[in-house]
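Visitor: Kindly generate the corresponding structure for this input.
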Amino acid sequence: MASHHPIMTKDDLTAFLDQEFPQMHAGGRTYFVDEIGPLSARMRMTCHERHLRPGGTISGPSMMGLADLALYAAILAHIGPVALAVTTSLTFNFLRKPEPRDLIAECRLLKLGKRLAVGEVSIRSEGSPDVVCHATGTYSIPDRR
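Guide: So this is what the prediction gives:
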């Protein structure tokens, strides 16, 4: 069983993501690890024109990417740099229209086992207490033998 306390710092995690997934910064850096805690992570997505959809709101796919990345970050912070941990399921509930400003994703891990991790992510527009998107997801963790 993985520890309930992170083993990677936010700087370690950022360096790993930058090295293994440089494509996520195509067009400019958008994603930032704000905080890592016990069974949790907070990420930020800066709002860029590429995230907007008609009507001046942030697109669903942008929020989906942020939620998936926040879940991945929380898991890796606790199990270490395992690039091949993969998403097996994600479910999204879009609750209200997000403002065209930075989004904050708060991830909480509900289960962190040897082979599976399950978590939930709440996304808010910066400066607002209202959740705009709620996601739950499961990751498969590869055997580390």
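Visitor: Tell me the helix or strand right after the top helix by length along the chain.
Guide: The longest helix of the chain (DSSP state H) is helix 60-79. Next along the chain after helix 60-79, taking DSSP states H and E as the criterion, comes strand 86-94.
Visitor: Take the next helix or strand after that next one, keep the C-alpha atoms, and write them as CSV.
Guide: Counting by DSSP H and E, the next helix or strand C-terminal to strand 86-94 is strand 103-112. The C-alpha trace of strand 103-112 is given here as CSV (Å, rounded to 0.1, in the frame of the first residue of the first chain):
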residue,chain,number,x,y,z
LEU,A,103,-9.3,27.4,-12.9
ILE,A,104,-8.3,25.7,-9.6
ALA,A,105,-8.6,21.9,-9.3
GLU,A,106,-8.6,20.4,-5.9
CYS,A,107,-8.0,16.6,-6.0
ARG,A,108,-8.6,14.2,-3.1
LEU,A,109,-7.6,10.6,-3.3
LEU,A,110,-10.3,8.3,-2.0
LYS,A,111,-8.3,5.0,-2.4
LEU,A,112,-4.6,4.6,-3.0
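Visitor: partner strands of strand 103-112, parallel or antiparallel?
Guide: strand 40-45 (antiparallel), strand 116-125 (antiparallel) (DSSP bridges).
Visitor: what angle separates the next helix-or-strand element following the longest one from strand 86-94?
Guide: I take that to be strand 116-125. Per DSSP H and E, the first helix or strand lying C-terminal to strand 116-125 is strand 131-140. Counting by axes from the mean of the first three to the mean of the last three CA atoms, to 10 degrees, strand 131-140 points 160 degrees away from the direction of strand 86-94.
Visitor: Other residues contacting strand 131-140?
Guide: Strand 131-140 is contacted by residues 63-64, 67-68, 71-72, 75, 85-98, 103, 115-125 when judged by CB atoms under 8 Å, 6 or more residues apart in numbering. Just so you know, the C-beta spots here come from the backbone N, C-alpha and C atoms, and that holds for glycine as well.
Visitor: I'd guessed Met63 sits against Leu95; true?
Guide: No - Met63 is not in contact with Leu95 according to CB atoms under 8 Å; the separation is 10.5 Å.
Visitor: Have a look at the two and say which one is more surrounded.
Guide: Shown here are Met63 and Leu95; by other CB atoms under 10 Å, Met63 has more neighbours (23 against 13).
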